[in-house]
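**Student:** I need the structure of the sequence given here:
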Amino acid sequence: MGEHDLPTPRATLAIRPFPVNLRKLAWRSGQVPYRQEPAGERRLHSGGVPAVLYAADVVCPMSGPPLPHGGVLVEGRRIVDVGAVADLAPRATRIHEVHGVLLPGLVNAHTALEYTDAAVLAVPGPAHAWLRALEGMTGSWSDEAWSRSAYRGVQQALRAGSTTVGDVVRRGPAVPAASRAGLAGDSWVQVTMVDVEHADSVAAQVEHALGLPAKGRRVGIAPHSPSLLGTGVLQALAALAQRMAAPLHVEAAETQGEVAALRSGEGPLAAWAREHAYAFEWLDGGTDLSPMRYLDACGALGPHTSVVHAVFADVLEARLLADRGASVVCCPRANTLRSAGDAPLERYADAGVRLALGTGSTASVPDLDLLAEAAAWVALARRREMMFWPSSVGPITLEEQAIRLATVDGAWAMGWGGQAGVLEPGRSADLLGVEITTKPETAYRDLVEQGPGRQVLTVLAGVRTARRSSADEPWPEIDPA
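**Tutor:** Down below sits the predicted model:
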């Protein structure tokens with residue numbers, strides 16, 4: 001088989017233990033999943049509100065250096081000024097102080113909010129066993145259970161300080177839940193375990209889903225993953241995404257099992273596919289391609305593509321990603337739990353690949369804390385023998401780059417740079433307060449080393465959507481009733 005040849009699609013009768021039915025994946029703009037406290041608070045701003053000053057020991061605007069004794073002045077939904085508290089205080093009607101750092105709301109580039117109530121599965125183990133357990137646990141969930149899980153996921157994301165979220169959607173309730181909470185970002189329709197027999201019908205259903213209302217969010221496609229889809233299906237989804245200018249979010253190059261499946265049609269994932277009678281074209285002797293080259297051959301790499309995990313990529317494949325304009329979403333904690341290995345950060349840095357950070361769902365990691373993910377990313381970079389990150393202004397510390405990935409750089413990598421990632425006048429008032437002891441010179445390092453679990457305030461479009469008086473005070477239980 002040639003370097004870019006793909007197996008020919010072939011039809012067959014397949015019996016699936018977990019049949020895909022995207023007709024169940026639907027949402028309505030008027031659907032309200034449980035309580036929506038933020039919407040109630042937002043109504044207070046509709047008639048004009050006083051200026052609120054959010055002040056902290058250090059403000060990290062991410063559009064410039066950290067500011068000592070800084071503040072962010074907010075009127076309604078927008079930031080009107082960023083600067084020294086002494087200069088902003090006379091213009092404020094109210095002042096809210098954070099003993100620590102204020103920074104932009106975090107940008108979580110990969111999660112699956114609907115899986116929040118499957119948190120018991122966030123334990124070490126191989127990917128194929130985790131997948132089997134996830135399908136077994138959620139296969140009997142009612143529509144109410146999916147909605148409840150999605151709602152809790154949204155609340156956990158807000159408590160962790162994420163105001164922009166890329167979310168893989170399995171059934172649908174996470175879309176209105178995220179929209180009504182005001183979360184920016186993408187909702188990607190997940191397509192998995194589909195072979196050539198159902199390629200046309202699934203593509204039609206996905207195209208319909210792309211047109212459903214999702215206020216404040218883009219809707220895209222999440223093929224999961226190349227080793228859980230037929231070749232023709234992946235090609236059809238990539239073509240659909242390109243035709244409709246929809247974002248494509250692909251989990252790929254994550255495990256050795258995936259590499260073996262696509263290259264030679266062997267390994268545990270290939271055995272699992274045969275066991276369940278899937279007619280994946282690559283099962284017939286493999287493709288002789290790595291996951292990254294397979295994605296490219298299927299037309300799935302482009303400027304609207306984000307590749308999640310991307311643990312397996314050689315130097316040429318890193319350059320291929322950069323040439324195609326695709327971004328990579330790093331999920332180091334999930335990769336550790338799945339024993340997947342380490343993403344080759346040094347290759348991505350050398351090639352200029354755009355990076356972002358994602359947690360995954362709480363079915364795969366302990367929490368949705370992107371600061372914990374940033375700390376894991378720094379540890380990963382050091383394992384890859386990196387000391388600094390080669391930014392456009394010269395080498396910067398790994399800790400600064402990790403916070404940039406969680407804010408401004410991650411936002412640009414995912415196509416959200418115009419609406420997230422920095423604190424600037426005119427921007428949406430999306431802020432995070434983290435209670436730590438710090439100073440401007442060490443703020444990034446302190447956020448990485450002390451910040452996980454210390455979030456005390458999340459402001460989304462000018463509304464305090466999550467707050468507690470101290471980081472030592474536990475968050476109350478999330479009650480969806």
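**Student:** how about low-confidence regions in the stretch 1-150 of the chain?
**Tutor:** The model of the stretch 1-150 of the chain has pLDDT under 70 over residues 1-48.
**Student:** ok, which stretches of it are helices?
**Tutor:** Secondary structure of the stretch 1-150 of the chain (DSSP state H, counting those that start in this stretch): helices located at 37-43, 85-88, 127-138, 143-159.
**Student:** Give me the helices and strands touching the second one, please.
**Tutor:** Packed against helix 85-88 by the contact rule (3 or more Cβ pairs under 8 Å, 6 or more residues apart in numbering; DSSP states H and E) you find strand 52-59, strand 67-75. (Glycine included, C-beta is placed from N, CA and C.)
**Student:** so which of those is the most packed in?
**Tutor:** With neighbours taken as mean count of other Cβ atoms under 10 Å, those reach their highest mean count in strand 52-59, at a mean of 24.
**Student:** From the chain's centroid, how far away is that strand?
**Tutor:** In this view, strand 52-59 has its centroid 27 Å away from the chain centroid, taken as Cα atoms, centre = their mean, to the nearest Å.
**Student:** Mind listing the strands that strand pairs with, and their directions?
**Tutor:** strand 67-75 (antiparallel), strand 94-104 (parallel) (DSSP bridges).
**Student:** Adding distance to residue 360, write those strands out as CSV.
**Tutor:** Output for these, formatted as CSV (distance: least, Cβ to Cβ, whole Å):
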stretch, distance to residue 360
strand 67-75, 30
strand 94-104, 22
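**Student:** What about this structure, which residue is the most distant from its middle?
**Tutor:** Distance to the chain centre peaks in the chain at residue 90, reaching 38.8 Å (criterion: Cα atoms, centre = their mean).
**Student:** For residue 108, see how far away it is.
**Tutor:** Using Cβ to Cβ, to the nearest Å, one obtains 36 Å as the distance from residue 90 to residue 108.
**Student:** do residue 340 as well
**Tutor:** 19 Å.
**Student:** what does residue 231 give?
**Tutor:** Distance of residue 231 to residue 108, computed by Cβ to Cβ: 31 Å.
**Student:** Between those two, tell me which one has more neighbours.
**Tutor:** residue 108 (31 against 25; other Cβ atoms under 10 Å).
**Student:** Show me where the stretch 251-400 of the chain has its helices.
**Tutor:** Listed in chain order, the helices of the stretch 251-400 of the chain (DSSP H, counting those that start in this stretch) span 256-264, 268-275, 291-297, 315-324, 332-337, 345-351, 370-383, 398-405.
**Student:** closest to residue 161 out of those helices?
**Tutor:** Residue 161 lies closest, by Cβ to Cβ, to one member of those: helix 370-383, at 7.0 Å.
**Student:** what's the closest one in contact with?
**Tutor:** 106-108, 160-162, 330-333, 336, 342-343, 345, 357-359, 389, 398-399, 401-403, 405-406, 434, 447-449, 451-455 (Cβ atoms under 8 Å, 6 or more residues apart in numbering).
**Student:** Show me what counts as buried in that helix.
**Tutor:** 370-381 (16 or more other Cβ atoms under 10 Å).
**Student:** quick one: which of those is nearest residue 286?
**Tutor:** Using Cβ to Cβ, residue 380 comes nearest to residue 286 of the buried residues of helix 370-383, at 29.5 Å.
**Student:** any idea how far the closest one lies from residue 341?
**Tutor:** Taking Cβ to Cβ, one finds residue 380 at 10 Å from residue 341.
**Student:** ok but residue 212 is inside a strand, no?
**Tutor:** No: counting by DSSP: H, G, I helix; E, B strand; the rest coil, residue 212 is not part of a strand but coil.
**Student:** Relative to residue 172, how far out is it?
**Tutor:** Taking Cβ to Cβ, one finds residue 212 at 8 Å from residue 172.
**Student:** Those two: who's more crowded?
**Tutor:** Higher neighbour count among residue 212 and residue 172: residue 172, with 24 against 17, using other Cβ under 10 Å.
**Student:** quick one: that one is in a helix?
**Tutor:** No: going by three-state DSSP, the assignment for residue 172 is coil, not a helix.
**Student:** distance of it from residue 112?
**Tutor:** Residue 172 is 12 Å from residue 112, by Cβ to Cβ.
**Student:** try residue 163
**Tutor:** 18 Å.
**Student:** got it, and residue 88?
**Tutor:** For residue 88, the distance to residue 112 equals 39 Å [Cβ to Cβ].
**Student:** what about these two, which has more around it?
**Tutor:** Taking neighbours as other Cβ under 10 Å, residue 88 and residue 112 compare with residue 112 leading, 28 against 21.
**Student:** can I assume the more buried one is in contact with residue 167?
**Tutor:** Yes: contact criterion Cβ atoms under 8 Å: residue 112 and residue 167 qualify, at 6.6 Å.
**Student:** which residues do those two both contact?
**Tutor:** residue 174.
**Student:** Distance check, residue 384 against residue 349.
**Tutor:** Residue 384 is 9 Å from residue 349, where distance means Cβ to Cβ.
**Student:** More neighbours: which of the two?
**Tutor:** residue 349 (19 against 15).
**Student:** ok so, going back, just the helices of the stretch 1-150 of the chain: most buried one?
**Tutor:** helix 143-159 comes out most buried of the helices of the stretch 1-150 of the chain by mean count of other Cβ under 10 Å, with a mean of 23.
**Student:** and that one with helix 370-383, angle?
**Tutor:** Orientation check (axes from the mean of the first three to the mean of the last three Cα atoms, to 10 degrees): helix 143-159 against helix 370-383 gives 70 degrees.
**Student:** Send me whatever helix or strand comes next after helix 143-159 as CSV with only the CA atoms.
**Tutor:** Using DSSP states H and E, the helix or strand that directly follows helix 143-159 along the chain is strand 162-169. Provided in CSV are the C-alpha atoms of strand 162-169 (Å, rounded to 0.1, in the frame of the first residue of the first chain):
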residue,chain,number,x,y,z
SER,A,162,-13.1,28.3,33.0
THR,A,163,-15.2,30.7,31.1
THR,A,164,-14.4,29.4,27.6
VAL,A,165,-14.9,25.7,27.1
GLY,A,166,-14.5,23.3,24.2
ASP,A,167,-17.0,20.5,24.9
VAL,A,168,-17.5,17.1,23.2
VAL,A,169,-21.2,16.4,23.1
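**Student:** Measure how far strand 162-169 is from the centre of its chain, please.
**Tutor:** Strand 162-169 sits 5 Å away from the centroid of its parent chain (Cα atoms, centre = their mean).
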